[in-house]
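K.L.:
give me a model of this one.
(chains A and B)
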Amino acid sequence: MSLKIHNSLTRQKETFQPIKEGKVRMYVCGVTVYDFCHIGHARSGIVFDVIYRYFKHIQKTGGLEEVIYVRNFTDVDDKIINKANQDGKTCREISEKYIEEFYRDMDALGLLKPDVEPKATDHIPEMISIIEKLIEKDHAYQAGNDVYFDINSFSPYGKLSGKTVEDLLAGARVAVDEKKKDPGDFALWKGSKPGEPEWDSPWGKGRPGWHIECSAMGQKYLGEYFDIHGGGKDLIFPHHENEIAQSHAATGKVPVKYWIHNGFVDINKEKMSKSLGNFFTIREVLKEVNPETLRFFLLSSHYRSGIDFSEQVLKDARIGVERFYRTLQDLMSLQTKGGSEREQNDPRLELILSTHKRFFEEMDDDFNTAAAIGRLFEWVRAVNSLLTENPSLLLANRDKILQDFRDMSFVLGVFQQDPGRHFEKETEARLAKLNMDRREIARLIDERAKARKNKDWAGSDAIRDQLAAKGIVLEDKPDGTVWKFQ
RNA sequence: GGCGCCGUAGCCAAGUGGUAAGGCCGAGGUCUGCAAAACCUCUACCCCCGGUUCGAAUCCGGGCGGCGCCUCCA
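P.N.:
Numbers count the residues shown, from 1 in each chain, chains lettered A, B, ... in the order given. Alright, predicted model coming up:
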């Protein structure tokens, strides 16, 4: 493994060196479950899914013994409480419902299951224990029924986000609270108010602050010092900054070696967010395109950059995905040896056979999926080129070529279906939308075949135009006419 | 106000010192009754101005433009 990762903590690309030889332990902040996920959540989910898949691949090839991936659910939070009150339900009902919806979306997008998916509410005792430790070490103080973290007691505070305690004050956007020693202090434990979920604690009934859950669950499943912690860029401050402060202050150890943060999905260059109202839910988008297209699109730029979402760019992705499946189908269904007997060291074959190596070189460079996909497109063109000019050479090497492709597509989590099945599903979806059936199309194609036989080109073209108006294109092949949706 | 990121072809997008990957769209060609698909060929003075260097999209300084975090947020 010769992986380099951009570490948010140092703002530099670093050579990845697992803390324990042969083991990778990663923790990623999941979602707060109070609503449907939008495609920003999809991006984060997919980015870290690809990272997990990358390590899985390394493991499969013997480069790692173990990969542990933890992704949590935040199921106690102001927003959940609000939603519950609004819908007249309990917080638990809300969180359970949206966990289910989360899985529906993420399964559709082909995310692998993390090894552990802990919920905050299942870890209240662990959180309380950390808070007690912090109070004991004078890093936290009780104020009324609340407990706050004292940021001035922890000198490295602000390292991750590049802020100083003074900077935070200068912002003057921090809510001033009489109970806090410093406006930047944050809640570890909140005394409960009526109508809120509550747990017993040494400080009375209450609920945990947001950040403490990740400290508790990270420590419990991955230890006090683990390799990778990820999440969206927006979590750098305050969430991850505070998490570091709590964990480090409590254990005396730096909690995480590499911090990875993904960029946002933008709409017209602006961050997609609930408050701006410019968001698309995953299921909304999946009504328009198949999940692999959304996935392919989200991987088509580097994970740290912003990625602008638009109809045009989604269409480009769709065309790309279709092209891959078409080539894959052609390659898999290749049967008879054709073409001339050419020398075996065709540069195109060399390119195809070296794609696996070049693909993983791109992935090794801070998970550069955009460049890796570039290598894959070169592969497509070379395969197609041989498909038309020297298929026998391709046939002779097909097993290796397909195996390499499976490795690469596994890591990206795309092109996982049989091409025939992919086209079948696409077609079904489009037919349903148009309320058409195959018989009708077959009948028209028959009719056109007759016209063509009689060299009635006008009649033949009329039928083709008629279908084209519905987005159906015909391809006349040696053994008959096939149709597909544009 | 503080901190930070970004600006590469009509559009999307890699590329952190050696002379611009890849995709979409477009043009021409091969194939085809004509098409479609596929293949071949073509399409960039890297926002501006200075500087460092034999050499800069890449480093430094200054502009201009866009965005993010500092408040819940993937």
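K.L.:
what lies in contact with stretch A:196-215?
P.N.:
A:27, A:29, A:72, A:74, A:76-77, A:81, A:91-92, A:120-121, A:123-124, A:127-128, A:130-132, A:142, A:145-147, A:186-192, A:238-239, A:242-243, A:246-247, A:250, A:255 (Cβ atoms under 8 Å, 6 or more residues apart in numbering). Using the backbone N, CA and C atoms, a C-beta is placed for each residue, glycine as well.
K.L.:
how is chain A partitioned into domains?
P.N.:
Per automatic domain parsing, the structural domains of chain A span A:4-137+A:153-159+A:211-284, A:312-416, A:436-485.
K.L.:
dump those domains to CSV, plus mean pLDDT, distance to RNA strand B and mean neighbour count.
P.N.:
Shown next, in CSV, are the domains of chain A (pLDDT from 0 to 100; distance: least, Cβ to the nearest atom of the strand, whole Å; neighbours: other Cβ atoms under 10 Å):
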stretch, mean pLDDT, distance to RNA strand B, mean neighbour count
domain A:4-137+A:153-159+A:211-284, 96, 2, 19
domain A:312-416, 92, 2, 17
domain A:436-485, 92, 3, 13
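K.L.:
for residue A:425, which of these is the nearest?
P.N.:
Distance to residue A:425, taken as Cβ to Cβ, is lowest for domain A:312-416 among those, at 10.6 Å.
K.L.:
now the strands for the stretch 251-400 of chain A?
P.N.:
Remark: strands assigned in the stretch 251-400 of chain A by DSSP state E, counting those that start in this stretch are A:256-262, A:265-267, A:270-271, A:307-308.
K.L.:
of all these, which lies closest to residue A:278?
P.N.:
In terms of Cβ to Cβ, the element of the strands of the stretch 251-400 of chain A nearest to residue A:278 is strand A:265-267, at 4.4 Å.
K.L.:
now residue A:416, what are its backbone angles?
P.N.:
phi -90, psi -10 (degrees, to the nearest 10).
K.L.:
right, and it touches residue A:405 too?
P.N.:
No. Look at residue A:416 against residue A:405 with Cβ atoms under 8 Å: they stay out of range, at 11.1 Å.
K.L.:
show me the contacts of stretch A:196-215 that map onto helices.
P.N.:
A:81, A:91-92, A:124, A:127-128, A:130-132, A:242-243, A:246-247, A:250 (DSSP state H).
K.L.:
circling back to that earlier point, who wins for proximity to residue A:401 among the strands of the stretch 251-400 of chain A?
P.N.:
Here strand A:307-308 is closest among the strands of the stretch 251-400 of chain A (Cβ to Cβ), at 30.5 Å.
K.L.:
can you list the strands that that closest one pairs with?
P.N.:
Partners of strand A:307-308 in the sheet, by DSSP bridges, are strand A:265-267 (parallel).
K.L.:
and the partner strand, how far out from the chain's middle?
P.N.:
On the basis of Cα atoms, centre = their mean, to the nearest Å, strand A:265-267 sits 15 Å off its chain's mean C-alpha point.
K.L.:
which residues touch that strand?
P.N.:
Under Cβ under 8 Å, 6+ apart, the answer for strand A:265-267 is A:38-40, A:42-43, A:271-272, A:278-279, A:298, A:306-310.
K.L.:
for the residues you listed, which two are the farthest from each other?
P.N.:
Between all members of the contacts of strand A:265-267, the farthest pair (by Cβ to Cβ) comes out as A:278 and A:298, at 16.9 Å.
K.L.:
for the contacts of strand A:265-267, which one is nearest residue A:98?
P.N.:
Nearest member of the contacts of strand A:265-267 to residue A:98, counting by Cβ to Cβ, is residue A:38, at 12.6 Å.
K.L.:
wait, what's in contact with the closest residue to the closest one other than its chain neighbours?
P.N.:
Counting by Cβ to Cβ, 6 or more residues apart in numbering, residue A:38 lies nearest to residue A:279, which is 4.1 Å off, once chain neighbours are set aside. Residues near residue A:279 by Cβ under 8 Å, 6+ apart: A:38, A:39, A:40, A:267, A:272, A:273.
K.L.:
over to residue A:437?
P.N.:
residue A:431.
K.L.:
follow-up on the earlier one: which ones among the contacts of residue A:279 map onto helices?
P.N.:
Counting by DSSP H, the contacts of residue A:279 contribute A:39, A:40 to helices.
K.L.:
and the contacts of residue A:279, which two are furthest apart?
P.N.:
A:39 and A:273 (11.7 Å).
K.L.:
quick check on the nearest residue to residue A:225 once chain neighbours are set aside: phi, psi?
P.N.:
Nearest residue to residue A:225, sequence neighbours excluded (Cβ to Cβ, 6+ apart): residue A:253, at 5.1 Å. Phi and psi for residue A:253, reported as degrees, to the nearest 10, are phi -120, psi 140.
K.L.:
distance of residue A:253 relative to residue A:277?
P.N.:
42 Å (Cβ to Cβ, to the nearest Å).
K.L.:
again with residue A:102
P.N.:
21 Å.
K.L.:
and for residue A:148?
P.N.:
Distance of residue A:148 to residue A:277, given as Cβ to Cβ: 33 Å.
K.L.:
those helices in the stretch 251-400 of chain A, which residues are they?
P.N.:
In the stretch 251-400 of chain A, the helices defined using DSSP state H, counting those that start in this stretch lie at A:282-286, A:291-298, A:311-333, A:347-364, A:369-389, A:391-396, A:398-412.
K.L.:
number of nearby residues for residue A:426?
P.N.:
19 (other Cβ atoms under 10 Å).
K.L.:
that one touches residue A:290, doesn't it?
P.N.:
Yes. Taking Cβ under 8 Å as the definition, residue A:426 is a contact partner of residue A:290 at 6.5 Å.
K.L.:
is it possible to export the helices of the stretch 251-400 of chain A to TSV including distance to residue A:86?
P.N.:
Shown next, in TSV, are those (distance: least, Cβ to Cβ, whole Å):
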stretch	distance to residue A:86
helix A:282-286	21
helix A:291-298	29
helix A:311-333	32
helix A:347-364	44
helix A:369-389	39
helix A:391-396	59
helix A:398-412	39
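K.L.:
measure residue A:208 to residue A:121 for me?
P.N.:
Taking Cβ to Cβ, one finds residue A:208 at 9 Å from residue A:121.
K.L.:
what touches both of the two?
P.N.:
Common neighbours of residue A:208 and residue A:121 (Cβ under 8 Å, 6+ apart) are residue A:76.
K.L.:
wait, what's in contact with the nearest residue to residue A:378 once chain neighbours are set aside?
P.N.:
Nearest residue to residue A:378, sequence neighbours excluded (Cβ to Cβ, 6+ apart): residue A:351, at 6.4 Å. With contacts defined as Cβ under 8 Å, 6+ apart, the neighbours of residue A:351 are A:378, A:379, A:382.
K.L.:
if anything else comes up later, I'll come back, but that's it for now.
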